[in-house]
Structures are given as structure tokens and as C-alpha cells.
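Undergrad: no sequence on this one, just coordinates:
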């Protein structure tokens, strides 16, 4: 077996790796590069492999640095299935069309510039909506904990990565001859003890691990500290008449912020009276759609969030929360003098409506800009974090006079100690841990820490690299594979799920109590776990559906219809067609 690392080998974006056996080629992720023109130029380069030779794609999650080049892969000849979790499949319906829209718009603007120079407008987008439609037809949703045979030699199991909704740590069992090699691909590992999502699942055994290292050299401040700081920032900014602008990733961070603000709007005595007149605007069509996907996938939530739902509290909704869907509604936010909180994408400030809000608010010292996620080198968000006093926004120089804050406690990535804690789950040493998805110093630092603390072999990947696993003789017998798939903890986990569903709906499974014994085959356990997973999804989503607050269908923003219509007319007259870039 050959493991080849193609992407995320020199940066934190562009995730793409391949597993090759004698008869099969399996791609792990196909992500987009982000972070400056030089890096992003790699997006349209030729793949280092033939797309039509790839049998299938295993997708870790729906962030564009992991999925963003899938339509290009399809455009260039890939026709196989794309396996991902059911929640990731739902998110792809939002993320990929948005990526195509951006590609098409940016190409349109670039061609206009060529025309004005008297040159031929011959640029084409990396891919378009037709390519996205063909890609979405190939998506095969899978539930967590299901064992899926993707061919006669390879089976996979998705485990919760706790990074964003639907994110997965994938176990791959690759059989060649009498030997089975287990590869674990982490995707992005999330933080523990965070709202909404469950903690990342620790894996006890693997031959090879492909592991992210985004924060391999840094520690986050605690989520509690960042939350406290955020509330202090909101309070002092609102009191001086300013707006709080929060660039946020549409998937993950936005929903966590809604959850946290819901808690303080409804349950915090100190802030309740102060916040009751402060409105929160989610100004991102993608974030709005994504929040609806969260509401439909409550089966992936942690126990605390499920409990709130079953008790009648929708944690992703509160009275002061507004969704601005149209460009006119968004533009009105920058003409409205009342202090407010605006959460808008993109999280790195390199596209989307956040650019317009920064253009209108960065120069005003009473405002606050709060960064809550990772900022790649070369992005506008990174420039703000680094303290630049003047930046270019939508082609215009803007003075940075607003207060800039960087709250890393909201990051969706595990920090250095979180990554080490995840590695501690291995009960036997992996043959090798390969570090990707990190800047060079992060990978090198984390590799040294893993070697020193655990004594595990650990290799930071720098540049495109191929590893021949046949050279070290690693692998498991079929009996060892069976033991790994049916260990005591996994049997107990299935029992716990059954009990949890029974507690949610008292008579569910009462007359058909499944006796999961310790002596059970992997196939039988898989069959039971699959049924339980389906039942779990339906039960918790029923609770989610009945707790949603009723909203007026026509206008979610809080502005009058007359004001929206007037702004839309003014925008059309002014030629504001590139507002939603």
C-alpha cells in the first residue's frame, strides 16, 4: 500500500491525500488552497494524478479547504462515489454552489477588467454550477459508526471529529492478501468540552495515522475566558454607540456564537437587561442556510444541547436574532445608526459580506472587530490580527481605527495540548503518525512533542511525499481486525445509545429491548448500530422541529419591507451588482 500526500503539505489548506493498493486508488479530501494569490494559484493547476483513475473520495468535512476542489475533480474526469457523513452531505449542498458562484463572479469581474484594457476576455471559472450539480450527484451519505465496504478490500468507519457539524475521523481497513492495514485520517480535530458538538472520538489502535497539526505549536485561551472577553467587548462597544463586527466561518463558528449568545440573552442575570435591546444580525446567506442544516441534524449534537432541545429550548434561536438574506437588508445594516452585533462570513475576511462591513466600520474608532477563528497568512483577517494600520478592502484603502480583538478560545481546531490529548488515546503505538495540515514550525514542534511524550514514530510531511507501507510489514490479521471492530467499549457505546433513546421517548424500544452481548460478530454489531443511529437521528430531530420559534417567512431581518424595497431600488440604480462577492 502506498500513501501519497498531495495537499496541505506546506500549509493549512488544500487537504488532499491518496491511498493506493494493487487494485484501488482512494482519495482523502480534495480541498481548496486559501491564503494569498501565490497559494491560491495552485487551485487551477493540474492534479498530480489522473482524476479518472480515482475510485472514490472519502471526505472528512465540508470546509472548503477540504472539499472545495471536488467539482474540479469531477470536471476533469472523476466519476466515482464521494463518501461523507449525512450532515456533511447536507452542508455540501450549500458550500459547493457558493464556491461556484464566487468562481463565476470573480471570473466575470476579471474579464471586465480585460475588456477595459482592450484585451480579450477569455478567462474561465475554475468550475461552474453545472460541475457542482454533477458532483452532488456522486455524494453518498453515511452515518457515524456505520461500517461501509467501499470495495472488496477496503471498509471505512466515520467517527465524530468534533470540529464542525458532520466532521469525521475516518478509520480505513485496507486488506491485501492475508494482511489488513488500518489507516486513520483525522481530517480536522475539534476541541473538547465545547457547545453543540460532541468531543472528538479517540482511536485506540492504528497502523498509520494521517493527522492535522494546525495548532501544533500554540495554545488557545479557554473558551470560558474568550466568552467572557466577548461579552465585555460587546458591553463597552454598545455603550459607546459602536457596532460589534464578527467575521465568522459560516459553518461552525457562527452557530457556536448563536448558541453562546442565546445563553446570555436568556439566562444571564447580569447581561439580560443590557442585551434585551441589542440586536444580533446573521448577515451571510450561507451562514443562514447552514444554521438551518444544523437544526435538521440535531442527532450530531452533544448531550447538553440535546437535553435543551427535549426540554423545549431551541439553542439556535432567540428573539433578538435576525437573519438578513438579501443584499438590500445587508446594506441597511450600514445605514442603521443603532448599536448592534453583526456576524458575517467569510471568517478570514477574504470574501463575502464581511468585506463590506469592514469597509464601512474599520475606520470608525467606536466600533470593534472581533476575530474568532484561524487566519491564514496573506488574508485580510491575518493582516488585522497582525496589527496593520491600513488595509485594502474591495480595492479601497481603509484606515484601521476600530478596536481589533483576537479571541482564539472560539477556534474549532484543537490546540497543541488538545492534539496531544487525542494522540494519548492510542493503546498501542502506531507504526507512524504523519503530520499534515499545518505550517512547518507547527508540524515540526508537534512531531517532537509526540516523540518525547509517547515514544511514537512521528513524521512531519514537507512537500509532496509518498510512503510505501509494505516496507515495514505493519498490519493485522483478520482476527485482530474483528477484535478491533468489536471491543468492549464499542459494545458499551451501542448499549448507551439504546438507553439514551429510551430515556428520550419512554416507550421506544421498550418491547424490543436489544440485548447486545459481549460475544457478537462485527457484522451483527454493525447491523444493530446502523439501526440505532437511524432511530437516534429521527428522535432528536423531532425535538428540534417542535422547538423552533415561529418566524415571518417574508422578512427575517427586522427592517420594514418599505425600507428594504427602497434600498434594493437604490442599489439597482447604482449598479451594486457585485455586492455579494
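TA: All right, it came through fine. Computed from a prediction, not measured in an experiment: that's the story for all the values here.
Undergrad: next one: residue 347, what pLDDT does it get?
TA: With respect to pLDDT, residue 347 has a value of 81.
Undergrad: and it, how close does it get to residue 149?
TA: Using C-beta to C-beta, to the nearest Å, we find residue 347 at a distance of 37 Å from residue 149. Where you see a C-beta, it was placed from the backbone N, CA and C, and this is true even at glycine.
Undergrad: same thing with residue 171?
TA: The spacing between residue 171 and residue 149, counted by C-beta to C-beta, is 13 Å.
Undergrad: for those two, indicate the residue with more neighbours.
TA: residue 171 (21 against 10; other C-beta atoms under 10 Å).
Undergrad: sheet partners, orientation included, of the helix or strand hosting that one?
TA: Element membership for residue 171 (DSSP states H and E) is strand 168-176. Within its sheet, and counting by DSSP bridges, strand 168-176 is paired with strand 154-160 (antiparallel), strand 179-185 (antiparallel).
Undergrad: and residue 280, what element?
TA: Following DSSP H and E, one finds residue 280 within strand 279-282.
Undergrad: helices or strands up against that strand?
TA: Counting contacts by 3 or more C-beta pairs under 8 Å, 6 or more residues apart in numbering; DSSP states H and E, strand 279-282 packs against helix 253-267, strand 321-323, strand 340-344.
Undergrad: that strand - what's its average pLDDT?
TA: Averaging pLDDT along strand 279-282 gives 92.
Undergrad: re the thing from before, any idea which of the strands paired with strand 168-176 gets closest to residue 405?
TA: Distances from residue 405 to each of these were compared using C-beta to C-beta; the minimum, 30.3 Å, belongs to strand 154-160.
Undergrad: go ahead and name everything in contact with the closest one.
TA: Strand 154-160 has contacts (C-beta atoms under 8 Å, 6 or more residues apart in numbering) with 19, 21, 24, 26, 58, 83-85, 142-150, 167-175, 197-201, 203, 300, 485.
Undergrad: can we see that at 6 Å?
TA: The set of residues that contact strand 154-160 without belonging to it, under C-beta atoms under 6 Å, 6 or more residues apart in numbering, is 85, 142, 144, 147-149, 168-174, 198, 201.
Undergrad: okay, now the sheet partners of the strand holding residue 280, with direction.
TA: In the sheet containing strand 279-282, the strands it pairs with under DSSP bridges are strand 321-323 (parallel), strand 340-344 (parallel).
Undergrad: redo the ones you listed as a markdown table? Include mean neighbour count and distance to residue 275.
TA: Formatted as a markdown table, the strands paired with strand 279-282 follow (neighbours: other C-beta atoms under 10 Å; distance: least, C-beta to C-beta, whole Å):
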| stretch | mean neighbour count | distance to residue 275 |
| --- | --- | --- |
| strand 321-323 | 21 | 11 |
| strand 340-344 | 24 | 9 |
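Undergrad: in terms of mean pLDDT, which of those ranks lowest?
TA: Minimum mean pLDDT among these: strand 321-323, a mean of 89.
Undergrad: buried stuff in stretch 561-568?
TA: Neighbour counts over stretch 561-568 (16 or more other C-beta atoms under 10 Å) mark 563, 564, 567, 568 as buried.
Undergrad: now go through the residues you listed and say which are in helices.
TA: If you go by DSSP state H, the buried residues of stretch 561-568 have 563, 564, 567, 568 in helices.
Undergrad: looking at the residues you listed, spot the one nearest residue 466.
TA: Within those, proximity to residue 466 (C-beta to C-beta) peaks at residue 568, which comes in at 54.3 Å.
Undergrad: quick check: closest non-adjacent residue to that closest one.
TA: residue 328 (3.8 Å; C-beta to C-beta, 6 or more residues apart in numbering).
Undergrad: and that neighbour, that one's in a helix?
TA: Yes: with DSSP: H, G, I helix; E, B strand; the rest coil as the criterion, residue 328 is assigned to a helix.
Undergrad: mind splitting the chain into its structural domains?
TA: Using automatic domain parsing, the domain parsing of the chain gives 2-218+412-478, 223-410.
Undergrad: can you pull the buried residues of the top helix by length along the chain?
TA: Determined from DSSP H, the single longest helix within the chain is helix 86-116. Of the residues in helix 86-116, those buried by neighbour count under the rule 16+ other C-beta under 10 Å are 86-92, 94-107, 111.
Undergrad: picking up where we left off before, just curious, which of the buried residues of stretch 561-568 is nearest to residue 236?
TA: Taking C-beta to C-beta as the measure, residue 563 is the one of those closest to residue 236, at 29.2 Å.
Undergrad: I'd like the distance between the closest one and residue 342.
TA: In this structure, residue 563 and residue 342 are 17 Å apart, going by C-beta to C-beta.
Undergrad: can you tell me what sits against stretch 32-49?
TA: 6, 13, 14, 64, 65, 68, 69, 126, 376, 377, 378, 379.
Undergrad: residue boundaries of the strands in the stretch 401-550 of the chain?
TA: Along the stretch 401-550 of the chain, the stretches classed as strands by DSSP state E, counting those that start in this stretch are 403-406, 432-436, 458-460, 465-468.
Undergrad: circling back to that earlier point, and the strands paired with strand 279-282: which comes nearest residue 179?
TA: Comparison of these against residue 179 by C-beta to C-beta identifies strand 340-344 as nearest, at 50.5 Å.
Undergrad: now do the very next helix or strand once past the closest one and strand 340-344, the angle between them.
TA: The element immediately downstream of strand 340-344 (helix or strand, assigned by DSSP H and E) is helix 354-361. Angular relation of helix 354-361 and strand 340-344 on a 0 to 180 degree scale: 150 degrees, by axes from the mean of the first three to the mean of the last three C-alpha atoms, to 10 degrees.
Undergrad: other SSEs contacting helix 354-361?
TA: Secondary structure elements in contact with helix 354-361, counted by 3 or more C-beta pairs under 6 Å, 6 or more residues apart in numbering; DSSP states H and E, are strand 244-247, strand 340-344, strand 390-393.
Undergrad: which one, of those, ends up nearest to residue 283?
TA: With C-beta to C-beta as the criterion, residue 283 lies closest to strand 340-344 of those, at 4.3 Å.
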